[in-house]
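Novice: build me a model from this:
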Amino acid sequence: MKNKKETIQQIIRSDIVNGLIKPGQKLPSIRMQSQRFGCSLNTIIGVYQELENQYLIYSRPKSGYFVVAKEALLPLLQTKRIDFASAAPDPVSIPQIDFRQCLNKAMELFEASIFTYPDPQGLLSLRQEIVKLFQQQQVFPSAQQVFIFSGAQQALHLLAGMPFPNGKINILVEQPTYWGMLAALKTQRQTVIGIERTPAAVPDSFIPLLQWHKHTADLSTSVLSQGVLEIYMKSGMYAHHAKQMKSLYNHRIKHLREISQRLLPKECLYTIQSCGGLFASIHLPDSIPTEDLVKRLENRGVDVLATDKQFLSSFPKLNLLRLSIIRTDEQDIEEGIRIIAEELERAQYTSRSPKPFYRL
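Specialist: Predicted structure coming up:
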């Protein structure tokens with residue numbers, strides 16, 4: 001339970017953040033605040049000193065206390081956003097201490113090879129560790145089939161520019177798909193045909209070709225980063241973190257499914273009813289312009305992603321919104337879906353409203 005000093009501090013802080021006391025405005029004197037809250041002068045002095053430590057106010061000798069400039073208040077004045085758009089993990093969920101320990105250990109174990117050019121395909125010991133991980137998931141590659149890249153985008157870019165062993169030139173791409181793959185193909189000026197999702201496999205004949213392209217584009221992926229990942233996996237830290245994240249994300253996506261089924265129109269539940277993993281999609285009626293809805297949601301503090309960039313220009317686009325649960329907790333999900341439902345209802349009502357008739 002908050003004591004009186006903390007309560008007073010929260011009230012004054014809220015007045016500043018909510019704009020009741022403007023940037024640059026002088027705060028009431030210590031004596032006036034003491035009378036207002038029925039407390040001692042020392043209590044108000046302590047409150048003002050704490051707010052000054054938080055960079056919300058500053059003092060002028062013999063003049064009193066003033067609210068800081070608007071620029072300094074902006075981070076506090078901004079409303080909390082519900083982030084359904086991000087695909088990057090929440091920084092809070094990253095095990096920084098574990099990574100730091102692995103980094104220090106990698107500096108010791110791989111000291112002699114950090115500044116050399118090892119196998120462009122990746123450290124063999126790391127690839128063998130990744131094979132074990134796949135085997136636990138009932139996937140059975142060999143270490144020869146595993147390639148280490150600096151990131152997924154680099155791998156996709158190289159694959160997009162490689163000639164096919166069979167000599168064919170047309171590339172089939174699932175629709176919708178990752179926008180970064182479409183961008184890589186466009187950069188390489190490849191002939192691309194959109195198709196619906198089907199299972200696929202990479203032939204062994206790709207391995208020598210991919211080895212050569214990886215070598216010419218990137219002599220070696222950072223030994224230090226590979227070493228950190230190898231230690232992270234061998235120590236069991238990866239398995240522990242993956243288990244935690246899987247449980248967290250499963251819980252969130254289940255909550256998203258339940259809330260969506262309760263609040264959204266049934267015809268909008270495009271992948272909601274069967275979704276898993278990190279993403280789900282809402283199917284908008286054709287009468288609702290996606291850009292307008294995204295903008296209205298943005299104005300209400302909800303960030304979503306339209307899927308236009310995930311379709312080829314030649315492929316029929318679905319009117320979809322992609323929702324990510326990576327940076328949303330249960331409260332965010334419920335509040336965000338409620339706002340989406342309200343804006344959908346408003347947009348549908350607007351689209352049904354009779355347009356004004358003008359006689360020429």
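Novice: now the spatially most central residue of the chain: which helix or strand?
Specialist: Centre of the chain computed as the mean C-alpha position; nearest residue by C-alpha atoms, centre = their mean is S86, 2.5 Å away. Using DSSP states H and E, S86 sits in no helix or strand.
Novice: quick one, what contacts the residue lying closest to S150 once chain neighbours are set aside?
Specialist: Sequence neighbours aside, T221 is the residue nearest to S150 in space, at 5.3 Å (criterion: C-beta to C-beta, 6 or more residues apart in numbering). No exception for glycine: its C-beta is placed from N, CA and C like everyone else's. Shown in contact with T221 (C-beta atoms under 8 Å, 6 or more residues apart in numbering): 120, 122, 148-150.
Novice: and those, which of them are buried?
Specialist: Buried residues within these, defined by neighbour count using 16 or more other C-beta atoms under 10 Å: 120, 122, 148-149.
Novice: which SS state does F147 fall under?
Specialist: State at F147, reduced to three classes by DSSP: H, G, I helix; E, B strand; the rest coil: coil.
Novice: how near is it to Q135?
Specialist: Distance check for F147 against Q135: by C-beta to C-beta, to the nearest Å, it reads 17 Å.
Novice: more neighbours, the two?
Specialist: Neighbours were tallied for F147 and for Q135 using other C-beta atoms under 10 Å; the higher tally belongs to F147 (17 against 11).
Novice: excluding sequence neighbours, find me the nearest residue to the more buried one.
Specialist: Counting by C-beta to C-beta, 6+ apart, F147 lies nearest to Q121, which is 5.5 Å off, once chain neighbours are set aside.
Novice: ok, now Q190?
Specialist: With C-beta to C-beta, 6+ apart as the measure, I171 is the residue that lies nearest to Q190, at 5.3 Å, once sequence neighbours are left out.
Novice: low-confidence stretches in this structure?
Specialist: Judged by pLDDT under 70, the chain has its weakly predicted residues at 1-2, 18, 70-79, 197-203, 272-276, 349-360.
Novice: mind giving me the domain ranges of it?
Specialist: Domain assignment for the chain, taken from automatic domain parsing, gives 4-76, 243-352.
Novice: can you put the ones you listed in TSV and add distance to D98?
Specialist: Supplementary listing: the domains of the chain in TSV, determined by distance: least, C-beta to C-beta, whole Å:
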stretch	distance to D98
domain 4-76	29
domain 243-352	12
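Novice: nearest to E196, of those?
Specialist: Nearest to E196 among these is domain 243-352; the distance by C-beta to C-beta comes to 9.7 Å.
Novice: would you tell me which helix is longest in this protein?
Specialist: helix 237-263 (DSSP state H).
Novice: now for it, which elements pack on it?
Specialist: Using 3 or more C-beta pairs under 8 Å, 6 or more residues apart in numbering; DSSP states H and E, the elements in contact with helix 237-263 are helix 96-109, strand 279-283, helix 330-352.
Novice: what's the closest of these to M245?
Specialist: Checking the helices and strands packed on helix 237-263 against M245 by C-beta to C-beta gives helix 96-109 as the closest, at 13.0 Å.
Novice: contact partners of the closest one?
Specialist: Taking contacts as C-beta under 8 Å, 6+ apart, the residues outside helix 96-109 that touch it are 114, 224, 227-232, 235, 237, 241.
Novice: separation between the residue nearest to S150 and V228?
Specialist: On the measure of C-beta to C-beta, T221 and V228 end up 12 Å apart.
Novice: A239 now?
Specialist: Here A239 is placed at a distance of 16 Å from V228 (C-beta to C-beta).
Novice: give me the more crowded residue out of the two.
Specialist: When neighbours are counted by other C-beta under 10 Å, A239 and V228 differ, and V228 comes out ahead with 23 against 13.
Novice: buried set for the helix or strand harbouring that one?
Specialist: With elements taken from DSSP H and E, the one containing V228 is helix 223-234. Counting neighbours by 16+ other C-beta under 10 Å, one finds that the buried residues in helix 223-234 are 223-224, 226-233.
Novice: all set, thanks.
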